[in-house]
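Novice: Sequence first, then the predicted structure:
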Amino acid sequence: QVQLVESGGGLVQPGGSLQLSCAGSGFTFSEYSIAWFRQAPGKEREMVSCSSSDGSIREADSVAGRFAISRDNAKNTVYLQMNSLKPKDSAIYTCHRRYLCASPTTLDWGQGTPVTVSS
């Protein structure tokens, strides 16, 4: 059974940092792309960053230079390091399993972890 479990969210002040983790199980982790999405109340879901199985990375312009995605296939985990957080980064962050980062189809996703950036 495929599972994706996010952790690491919480409340942080503007300018602060958080590291999110996405632990996968039930599939060969290294063969899939793992993307982080976020959705804030009343807003559309957007892809924040994606780590492809071939090592390439995609990220949204809104987080370039502030967020960094990485993966440890030995631990079946993808990380999202978020620095210089802004209130507009507040959202539920979920990780998605995909064949390719550019694929329009998500195979599975986790329950999400909330991030709130507020003073």
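Specialist: Good, I have the coordinates.
Novice: for the most centrally placed residue in the chain, helix, strand, or coil?
Specialist: Centroid-nearest residue in the chain: residue 36, 2.5 Å away (criterion: Cα atoms, centre = their mean). Under DSSP: H, G, I helix; E, B strand; the rest coil, the three-state class of residue 36 is strand.
Novice: Equivalent analysis for residue 30, please.
Specialist: Residue 30 ends up helix, using three-state DSSP.
Novice: how much space between it and residue 83?
Specialist: Distance, residue 30 to residue 83, by Cβ to Cβ, to the nearest Å: 27 Å. Yep, even glycine has a C-beta here, placed from its N, CA and C like the rest.
Novice: of those two, who's got more company?
Specialist: A direct count of neighbours by other Cβ atoms under 10 Å for residue 30 and residue 83 places residue 83 higher, at 14 against 10.
Novice: Now the more buried one: closest residue in space that isn't a chain neighbour?
Specialist: residue 17 (4.7 Å; Cβ to Cβ, 6 or more residues apart in numbering).
Novice: Just to check, residue 111 is in contact with residue 92?
Specialist: No - look at residue 111 against residue 92 with Cβ atoms under 8 Å: they stay out of range, at 9.1 Å.
Novice: Look at these two and report which has more neighbours.
Specialist: Using other Cβ under 10 Å as the criterion, residue 111 and residue 92 rank with residue 92 on top: 17 against 11.
Novice: in which helix or strand would I find that one?
Specialist: Using DSSP states H and E, residue 92 sits within strand 91-98.
Novice: Give me the distance from the helix or strand that comes right after that strand to the chain's centre.
Specialist: As assigned by DSSP H and E, the chain's next helix or strand after strand 91-98 is strand 108-109. How far strand 108-109 lies from its chain's middle: 12 Å, per Cα atoms, centre = their mean, to the nearest Å.
Novice: which residues make contact with strand 108-109 from outside it?
Specialist: Contacts with strand 108-109, where a contact means Cβ atoms under 8 Å, 6 or more residues apart in numbering, come from 2-4, 37, 94-97.
Novice: By neighbour count, which of the residues you listed wins?
Specialist: Ranked by the number of neighbours (other Cβ under 10 Å), the contacts of strand 108-109 place residue 95 first, at 29 neighbours.
Novice: ok, back up a step: how near is the residue nearest to residue 83 to residue 68?
Specialist: 11 Å.
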